[in-house]
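Trainee: Turn this into a model:
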Amino acid sequence: MNFVGLENYKSMFTMDDLFRTSLFNTVYYVVFSVPLTTAGAIILAVLLNQKIKGMKFFRTIYYLPAVLSGVAVYLLWMQLLSPSTGLVNTMLGWIGITGPAWLFDPDWTKPALLLMKMWSVGGGMLLYLAIMQGVSPQMYEAADMEGASPWQKFYYITLPMISPIIFFDVITSTIGAFQIFQEAYVMTENGSGGPGNSLLFYNLHMWNNAFEVFNMGYASAMAWLLFLIVMILTSVNMKLGKRWVHYEGGNDK
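Mentor: This next block holds a predicted model:
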């Protein structure tokens with residue numbers, strides 16, 4: 001081994017075009033997946049928090065995808081998103097829509113992964129459902145007496161009371177989204193990154209450098225850069241969280 005100083009970091013930004021591609025793909029996934037999954041989990045929790053007969057059955061059904069094995073789920077979605085025989089395109093055909101090529105079209109590969117991610121929001125839903133059931137009913141009763149609409153009760157009572165879990169979910173989801181790897185590795189041929197490198201995420205590119213071409217020094221430099229990016233974003237979230245997160249015992253947390 002030879003000490004090369006900062007040459008690996010210099011190579012990332014000047015010589016490695018795939019580095020920029022992988023970073024763009026990862027940021028794209030983070031920007032869309034975190035808000036969509038957070039909003040989806042909250043909406044699903046609100047719907048499943050209603051006092052309706054048989055609701056426990058629906059809660060179980062929506063939570064099941066969160067406990068399934070990752071690789072098995074990816075293989076299942078590869079079949080569902082098949083352009084010719086997949087169930088998704090078949091159902092779109094029923095309403096007169098020609099489905100895209102999904103995992104074979106560079107413009108649709110990342111939306112396909114986002115669709116798959118939305119299918120498994122049950123884990124986050126369970127967190128929101130738990131904290132929603134802990135909100136004092138007296139708050140909603142007081143709002144009803146004041147003539148508040150369902151939207152006003154959600155915006156002025158539910159959201160502030162569940163904001164600590166939203167804060168936790170956003171931070172952990174952001175960190176997890178930056179670490180996306182398995183989906184692209186399993187759903188592309190030999191971890192190639194898919195058509196046009198549209199699924200070449202940062203961690204997959206780092207894996208290829210480390211274990212395909214055995215450029216361990218460069219892969220380690222990539223890992224440190226990823227750590228720095230995640231640390232900065234987490235610090236920013238921690239600072240911004242003081243402006244909108246409400247804690248029952250006070251905001252000095």
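Trainee: what's the distance between Ile36 and Asn2?
Mentor: Heads up, residue 36 is Leu, not Ile. Going from Leu36 to Asn2 by CB to CB, to the nearest Å gives 45 Å. Yep, even glycine has a C-beta here, placed from its N, CA and C like the rest.
Trainee: of the two, who's got more company?
Mentor: Neighbour totals were compared for Leu36 and Asn2, and Leu36 leads with 16 against 5 (other CB atoms under 10 Å).
Trainee: backbone phi and psi for the more buried one, please?
Mentor: Main-chain dihedrals, Leu36, degrees, to the nearest 10: phi -70, psi -50.
Trainee: Now do the contacts for the nearest residue to Asn209 once chain neighbours are set aside.
Mentor: Distances taken as CB to CB, 6 or more residues apart in numbering place Ala219 nearest to Asn209, at 4.3 Å, with adjacent residues excluded. Applying CB atoms under 8 Å, 6 or more residues apart in numbering, we find Ala219 in contact with Met206, Trp207, Asn209, Ala210.
Trainee: Touching, the first one and Ala223? I think so.
Mentor: Yes - contact status for Met206 versus Ala223: in contact at 6.3 Å, counting by CB atoms under 8 Å.
Trainee: Would you mind telling me which of those two has the busier surroundings?
Mentor: A direct count of neighbours by other CB under 10 Å for Met206 and Ala223 places Met206 higher, at 22 against 14.
Trainee: Ala130 versus the more buried one, what's the distance?
Mentor: Distance, Met206 to Ala130, using CB to CB: 35 Å.
Trainee: In which helix or strand does the residue nearest to Asn209 reside?
Mentor: helix 216-244 (DSSP states H and E).
Trainee: Gly176: neighbour count?
Mentor: Around Gly176 there are 13 other residues, counting by other CB under 10 Å.
Trainee: For the stretch 101-250 of the chain, give me the ranges with low pLDDT.
Mentor: Within the stretch 101-250 of the chain, the ranges that satisfy pLDDT under 70 run 249-250.
Trainee: does Tyr247 count as helix, strand or coil?
Mentor: Classification of Tyr247 by DSSP: H, G, I helix; E, B strand; the rest coil places it in coil.
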